[in-house]
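Peer 1: Following is a predicted model, sequence given first.
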Amino acid sequence: FMPTSKSLSHTRARREAGDRGARIASMPMITPEIMARTLSADYRAIDQRNASLHSLLSGGDEVRLTTPAGTELSFSIAGRELHRDGGINHHPGDFANLPAGEVYCAPVEGTAEGVLVIDGSMAPLGLLDEPLQLIIRAGLVREILGASAGELEEVIDPYGEPARNIAELGIGTNEKAILTGNTLEDEKILGTCHIAIGDNSTFGGEVSVASHLDGVLLEPTLIVDGKTLLQAGEPRGW
């Protein structure tokens, strides 16, 4: 169990412990309130939801993500392994967040193009007074706009260009999660998407850097190879 002040989820230490058979639950910044609310979810239902979404995403290539706030982003997930975080760690090497509830993968490096508008929360800034706008070209965040842009720039600048990599697409599947400003919970909200920047080396990507920051998008529409999996935050077919 890892109830830590900073996330150890995307670290070599966590990966090596899993390779040696440890069952791992990562809980960065968890609070008693989050624990009481989200750990009471039906984790078997989350597991089934994850399985259905995993099946719909399997073999996918072209992803298009939009939101009412202005996101217009596309990228490829061709050949990338899909991961299910369901919170049921019954076997050696199993890893999950607690609270759990997402399906995620690493987009193909260099393929992301467009505008990402984060209107929920952004690690490590928490809830946003106004949305952050990230301009993305060739898989990297080239420009950050908004009231909190300077704060985010200060966090990622020490790590250089790899910290600007579009690292993760995640889809929330936990019906008990609500928006609190704590990424651990926010990224699990049913019907949301999150996009992370930085490291993706521990779940199938090629970028290794000591930074992995998630931004949560509200009411997303997610289309994969022409199939609509989310419509304004409402699941379609899962």
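Peer 2: Happy to help now that I have it.
Peer 1: contacts, neighbours, all on C-alpha from now
Peer 2: Fine.
Peer 1: quick one, what contacts the residue lying closest to residue 162 once chain neighbours are set aside?
Peer 2: Computed as C-alpha to C-alpha, 6 or more residues apart in numbering, the closest residue to residue 162 that is not its neighbour in sequence is residue 198, at 5.8 Å. For residue 198, the residues meeting the contact criterion (C-alpha atoms under 8 Å, 6 or more residues apart in numbering) are 162-167, 207-213.
Peer 1: next one: residue 121
Peer 2: Contacts of residue 121 (C-alpha under 8 Å, 6+ apart): 127-128, 179, 181-183, 186, 215-217.
Peer 1: How much space separates it from residue 186?
Peer 2: Distance, residue 121 to residue 186, using C-alpha to C-alpha, to the nearest Å: 7 Å.
Peer 1: same deal with residue 170?
Peer 2: Note on residue 170: its distance to residue 186, by C-alpha to C-alpha, is 11 Å.
Peer 1: related to what we said a few turns ago, look up the residues forming beta bridges with the residue nearest to residue 162.
Peer 2: Beta-bridge pairing for residue 198 (DSSP bridges): residue 212.
Peer 1: got a pLDDT number for it?
Peer 2: Residue 198 is assigned 98 on the pLDDT scale.
Peer 1: what's the spacing between it and residue 70?
Peer 2: Counting by C-alpha to C-alpha, the gap from residue 198 to residue 70 is 22 Å.
Peer 1: can you check residue 132 too?
Peer 2: Per C-alpha to C-alpha, residue 132 is found 10 Å from residue 70.
Peer 1: Give me the more crowded residue out of these two.
Peer 2: residue 132 (23 against 14; other C-alpha atoms under 10 Å).
Peer 1: That one touches residue 148, doesn't it?
Peer 2: Yes - Residue 132 is within contact range of residue 148, at 6.9 Å (criterion: C-alpha atoms under 8 Å).
Peer 1: Over to the residue nearest to residue 74 when sequence neighbours are not counted: give its phi and psi.
Peer 2: Counting by C-alpha to C-alpha, 6+ apart, residue 74 lies nearest to residue 64, which is 4.5 Å off, once chain neighbours are set aside. Note on residue 64: its backbone torsions stand at phi -130, psi 130 [degrees, to the nearest 10].
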